[in-house]
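Engineer: need coordinates for the following:
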Amino acid sequence: MSERRDEPMSTVVDDARAVPEVPPLRRNRDFLLLWSGSAVAIIGSTASTVAYPLLVLAVTGSASAAGLVGFVVLLPALLLQLPAGVLVDRWNRKRVMIWCDALRAVGASTVVLALLAGELRLAHVLVVGFAEGTLTVLNGLASTAAVPNVVHPSQLSVALAGNEARGRAATMIGTPLGGILFGLGRAVPFVLETFAYLVSLVSLLCIRKDFQAARPGEAARAEAAAGGGVAADSRRTRVLRQAGRMVEGLVWLWKRPLLRTTALLVAGSNLLFRALFLVMIVLLAEEGAAPAAIGLLIGVAGACGMLGSLVAGWCGRRLRMNALVISANWVWALLMCVLAFGGGLWPAMIAYTAMWFVGPIWNVAVGSYQLAVTPDELRGRVLSASSLLANGALPLGALAGGLLLDGLGVRAAAAVLAGWMVLMALAATLAGPVRRATMVVVGDPPAPSAAPSPSRPRHDPGPDVPLPEPSAPVAAADSR
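Structural biologist: Next up, the predicted model:
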């Protein structure tokens, strides 16, 4: 009798010992390749982000033209998020990222060649900027949607915190580098950008894991296509089907008041931060700062953002969502008032760098939860919907920044932006869904199967609903 009792107990112990431990992320080869390749690409892209307005200001002498370039580069974030989300869910995500890196490298190289030939025109910069912005939207959605398929579910929050720190570190390196390289030669930052995209492309080619889960029914659709079943559908039916897929993620997101409210708050703050980016460049230029000094300031701001990413997990586990959202907006509003009315260059520079600390805390908390609960087959579309709401204001902010500078001057433009941020903080404080959000969002989220069905979105049951990630990759350099 005793021997029979001991046998199952021994088996359970042996089975428990047989469960393999999850290796740390530093030993996850595919994640490290994805992480490091993206880091190099972000450094190159950030350097060109600093160089573009400096280049346009040097060529045209117009702040409005610099704002127009920023508007065009970010316009795809407004126009193409939803269709890009459909493509990211439909196409092979790794191939999407490979093609994006290859084509972005080609675009940056055309700027280099035009500068060397002395034939660069504003129209050329606008075309390359729009194409690069489009490819960046696709690449960013595919990269974020791929993370849960590259790391173990228990490591998702850690991986996203690592990605956030990567973005801040790359910004810290790339921004002063962009100014320094522009001082060496107008084409040099774009040479770096071309090389960075090629390095990222090679790292993607070396990754073994797939970037998406197997799609149920994918084989059946392939057989139908091979048999002519898809061709039998009318053009109108195919258009309606694709339109339904495109808005599915937006509907899934919009039905949740807390998701919707937070995305709209981020849209308002991102409009401000993109305009403020240009305001700071012009302010420093008017004070006689060299391009390297401008890049150095934004690099220091990136370092501040990196510090924020290091404490993001700790804050997400201890701060309730309502406290996090409301306090973040009021901190930004206070710092904007210091920047606008502090009465000197140094208060403005200190306030601007401090504003970058808060964003990573927000991004890590809400991004890890959203990715954990969103089904893989819908992940690209939900990410594109949240990015559309949160970052669609970025091109408008770039355009508004240029118009405010030309019409009012630097200090008056900063005062208008400070007033706008105070209004955003009041809106966050008074919003019912935010006030009721008493949950702590970083912890052990439910499995994706526990999320509401994306095909039949339900009404938000209350404050325990997750938030979307409030920034796309292009937004990180602006607001957070």
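Engineer: tell me the helix or strand right after the longest helix along the chain.
Structural biologist: The longest helix of the chain (DSSP state H) is helix 29-60. Beyond helix 29-60 on the C-terminal side, the first helix or strand identified by DSSP states H and E is helix 63-79.
Engineer: the stretch 51-200 of the chain: helices as residue ranges?
Structural biologist: Chain-ordered helices for the stretch 51-200 of the chain, with DSSP state H, counting those that start in this stretch as the definition, fall at 63-79, 81-90, 93-117, 122-150, 156-184, 188-205.
Engineer: can you list the ones you listed in a markdown table and add mean pLDDT and distance to Ala293?
Structural biologist: (Glycine included, C-beta is placed from N, CA and C.) Output for the helices of the stretch 51-200 of the chain, formatted as a markdown table (pLDDT from 0 to 100; distance: least, Cβ to Cβ, whole Å):
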| stretch | mean pLDDT | distance to Ala293 |
| --- | --- | --- |
| helix 63-79 | 79 | 18 |
| helix 81-90 | 79 | 35 |
| helix 93-117 | 92 | 22 |
| helix 122-150 | 87 | 23 |
| helix 156-184 | 78 | 7 |
| helix 188-205 | 93 | 16 |
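Engineer: of all the ones you listed, which one is nearest Tyr352?
Structural biologist: Judged by Cβ to Cβ, the one of the helices of the stretch 51-200 of the chain that comes nearest to Tyr352 is helix 156-184, at 12.2 Å.
Engineer: buried sites along that closest one?
Structural biologist: By neighbour count, with 16 or more other Cβ atoms under 10 Å as the criterion, the buried positions of helix 156-184 are 156-183.
Engineer: could you count how many residues lie near the nearest residue to Ser203 once chain neighbours are set aside?
Structural biologist: In this structure, Ser203 finds its nearest non-sequential neighbour in Gly37, 2.9 Å apart by Cβ to Cβ, 6 or more residues apart in numbering. Gly37 is flanked by 24 other residues according to other Cβ atoms under 10 Å.
Engineer: got the contact list for Gly37?
Structural biologist: Counting by Cβ atoms under 8 Å, 6 or more residues apart in numbering, Gly37 makes contact with Val199, Ser200, Leu201, Val202, Ser203, Leu204.
Engineer: possible to save those residues as a markdown table with neighbour count?
Structural biologist: Converted to a markdown table, those look like this (neighbours: other Cβ atoms under 10 Å):
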| residue | neighbour count |
| --- | --- |
| Val199 | 18 |
| Ser200 | 30 |
| Leu201 | 19 |
| Val202 | 13 |
| Ser203 | 22 |
| Leu204 | 25 |
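Engineer: now render those residues as TSV, adding distance to Ala131.
Structural biologist: Shown next, in TSV, are the contacts of Gly37 (distance: Cβ to Cβ, whole Å):
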residue	distance to Ala131
Val199	20
Ser200	17
Leu201	16
Val202	22
Ser203	22
Leu204	19
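Engineer: give me phi/psi at the closest residue to Ser154 other than its chain neighbours?
Structural biologist: Nearest residue to Ser154, sequence neighbours excluded (Cβ to Cβ, 6+ apart): Val22, at 6.1 Å. Backbone torsions of Val22, given as degrees, to the nearest 10, read phi -80, psi 120.
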